[in-house]
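> could you work out the structure for the sequence below:
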Amino acid sequence: MVVCGCCVASWRRCVVVCLRLLFLLPAGLPVRSQGQSQSDNKQMDNITVRQGETVFLSCSQGDFVTHTAWLNRSSILYAGEDKWSVDPRVSLVTFNQDEFTIKIEDVDLADEGQYICAVQTISRPRTTSVHLIVQVPPKIVNLSKDLVLNEGSNVTLMCLASGRPEPAIVWRMISPSDDGLSSDTEVLEIPFITRQRAGTYECTAANDIAVDTQTVELTVNYPPSVSEGSDVGVTLGQRGVLECEVDAVPEADFEWYRDDRRIFSSFDGIEIENAGALSKLTFFNVSETDYGNYTCVAINKLGSANTNIVLYEIIEPTSSTLLQEQTAFENEFWEGPGAVQDGNSGTSTMFTPTCLLLIVVLQLLHKF
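Okay, the predicted model is just below:
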């Protein structure tokens, strides 16, 4: 039993030595000899790489190297030419007397941390460490949905994003116009929203690597507001059109009335045409009974509004009325105030203004 105990003890010592040579220590660090100096441990500059890229980790070997390994925290990636890592993204690039280089493809956030190149020489071990920093482009992970709400409601828009470095969040209104409404935090508060604040809002998440942008659409419902109607004059027998324009969300339905009687399309030669915010009431052949007062009513689920429009008659002048108007104009022009007529001859009508004209001309000539 004593002999067996010695065999077991010898076997354990052998295992410990092998593990030390392969740097399999709980902390993932190589063994130091008591005579090892601080200069044997080198700290390289941090390596910064973007998520998804490839990184190369390299260290120099030198003469009289017996063992070499690349470690990540407590895991051995490569021991010499032997791959210990089961990660297919890790591979050996160069292994010779001068250089020991591995590469990691498609770097992810989990790859961030300290990497150690441990070299065992005949005299003592040395280590070279580097810290890998993984940058992640911003990504908006939680965004408010498109909203439909009534005018006067309070609105809260939320935008959450991930990324390294931590992205900065900016909210702003971009459509229909940038009115200066913005926020540089994850939350945008809009109290008592008005119809002017309806539109497209943009959330931007940005860091040193990239920018991610998404939008939210706000629809604000409000009751109809009808533009004041313009009265229309039409000649008897001609075509006449009454127009009614409304501003409303959601779109309004139109109704036309003559006094208290509702009018429908194709009724007594009348046609009603609705197109979005505009309604037209068309008379194809205006009659005497068509003249009068009309009411346009616009209705949606939040209310209604109306306006009155008068269809009135325009009397076209006839040939006789035109002649009478022309004669009256000529008499007024030639006679003028203070004109004298003898009542017997039409020549006096022309004589008086002619004499006056001659007198004015003579006075002008006399001045020159």
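
> which of the helices and strands in the chain ranks last by mean pLDDT?
Of all regular secondary-structure elements in the chain, judged by mean pLDDT, DSSP states H and E, the least confident is helix 2-21 with a mean of 39.

> name the helices or strands packed onto the helix or strand just after that helix?
Sequence-wise, the next helix or strand beyond helix 2-21 is strand 41-43, with elements assigned using DSSP states H and E. Packing contacts for strand 41-43, counted by 3 or more Cβ pairs under 8 Å, 6 or more residues apart in numbering; DSSP states H and E, involve strand 125-143. Every residue, glycine included, has its C-beta placed from N, CA and C.

> mind running it again at 10 Å?
Taking 3 or more Cβ pairs under 10 Å, 6 or more residues apart in numbering; DSSP states H and E as the contact definition, the neighbouring helices and strands of strand 41-43 are strand 113-121, strand 125-143.

> sheet partners, orientation included, of it?
Strand pairing for strand 41-43, using DSSP bridges, gives strand 125-143 (parallel).

> which positions in the partner strand come out as buried?
For strand 125-143, burial by neighbour count (16 or more other Cβ atoms under 10 Å) applies to 125-130, 132, 134-138, 140, 143.

> how far does stretch 186-193 stretch from one end to the other?
Its start and end residues considered, stretch 186-193 measures 19 Å (Cα to Cα, to the nearest Å).

> so for that stretch, mean pLDDT?
Here stretch 186-193 scores 96 as its mean pLDDT.

> OK, contacts around the nearest residue to residue 199 once chain neighbours are set aside?
Computed as Cβ to Cβ, 6 or more residues apart in numbering, the closest residue to residue 199 that is not its neighbour in sequence is residue 175, at 4.7 Å. With contacts defined as Cβ atoms under 10 Å, 6 or more residues apart in numbering, residue 175 is in contact with 198, 199, 200, 201, 202, 215, 217.

> quick check, pLDDT for the fourth one.
So that's residue 201. In this prediction, residue 201 carries a pLDDT score of 96.

> farthest-separated two in the contacts of residue 175?
Distance extremes for the contacts of residue 175: the farthest pair is 198 and 202 at 14.6 Å, using Cβ to Cβ.

> these two: who's more crowded?
Regarding residue 198 and residue 202, a neighbour count based on other Cβ atoms under 10 Å identifies residue 198 as having more, with 21 against 17.

> show me what contacts the more buried one?
When contacts are counted by Cβ under 10 Å, 6+ apart, residue 198 is found next to 147-149, 151, 173, 175-176, 217-222, 249.

> what's the answer for residue 288, then?
For residue 288, the residues meeting the contact criterion (Cβ under 10 Å, 6+ apart) are 236, 313.

> one more time with 6 Å
With contacts defined as Cβ atoms under 6 Å, 6 or more residues apart in numbering, residue 288 has no neighbours.

> so residue 196: helix, strand or coil?
At residue 196, secondary structure determined by DSSP: H, G, I helix; E, B strand; the rest coil is helix.

> which residue packs closest to it, ignoring adjacent ones?
In this structure, residue 196 finds its nearest non-sequential neighbour in residue 179, 7.5 Å apart by Cβ to Cβ, 6+ apart.

> quick check, nearest of the contacts of residue 198 to residue 287?
The shortest gap between residue 287 and any of these belongs to residue 249, at 38.2 Å (Cβ to Cβ).

> how close does that closest one sit to residue 148?
9 Å (Cβ to Cβ, to the nearest Å).

> same thing with residue 57?
Residue 57 sits 54 Å away from residue 148 when distances are taken as Cβ to Cβ.

> the two: who's more crowded?
Shown here are residue 57 and residue 148; by other Cβ under 10 Å, residue 57 has more neighbours (23 against 12).

> next up, the contacts around that one.
Counted by Cβ under 6 Å, 6+ apart, residue 57 has contacts 102, 115.

> which SSE is it in?
Of the helices and strands defined by DSSP H and E, residue 57 is found in strand 55-60.

> output that strand as PDB, restricted to C-alpha atoms.
The C-alpha trace of strand 55-60 is given here as PDB (Å, rounded to 0.1, in the frame of the first residue of the first chain):
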ATOM      1  CA  VAL A  55      -9.900  40.800 -35.100                       C
ATOM      2  CA  PHE A  56      -6.300  39.500 -35.100                       C
ATOM      3  CA  LEU A  57      -4.500  38.800 -31.800                       C
ATOM      4  CA  SER A  58      -0.700  38.600 -32.100                       C
ATOM      5  CA  CYS A  59       2.300  38.300 -29.800                       C
ATOM      6  CA  SER A  60       6.000  37.700 -30.400                       C
END
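
> quick one: that strand to chain centroid distance?
44 Å (Cα atoms, centre = their mean, to the nearest Å).

> how is this structure partitioned into domains?
When the chain is parsed into structural domains using automatic domain parsing, the resulting residue ranges are 27-136, 144-222, 227-314.

> low pLDDT regions in the stretch 151-300 of the chain?
Scanning the stretch 151-300 of the chain with the threshold set as pLDDT under 70 gives 178.

> switch to 90 and redo it
Low-confidence regions of the stretch 151-300 of the chain, defined here as pLDDT under 90, cover residues 175-181, 229, 259-260, 265-269.

> all strands for it, in order.
Using DSSP state E, counting those that start in this stretch, the strands assigned to the stretch 151-300 of the chain run over residues 155-164, 168-175, 182-183, 187-190, 199-206, 211-226, 232-235, 240-249, 253-258, 261-263, 270-275, 278-283, 292-300.

> nearest to residue 315, out of those strands?
Distances from residue 315 to each of those were compared using Cβ to Cβ; the shortest belongs to strand 232-235, at 7.5 Å.

> show me the contact partners of the closest one.
Under Cβ under 6 Å, 6+ apart, the answer for strand 232-235 is 240, 242, 286, 311, 312, 314, 316.

> what strands line up against it, and which way round?
Neighbouring strands of strand 232-235 in its sheet, by DSSP bridges, are strand 303-314 (parallel).

> many thanks, have a good one.
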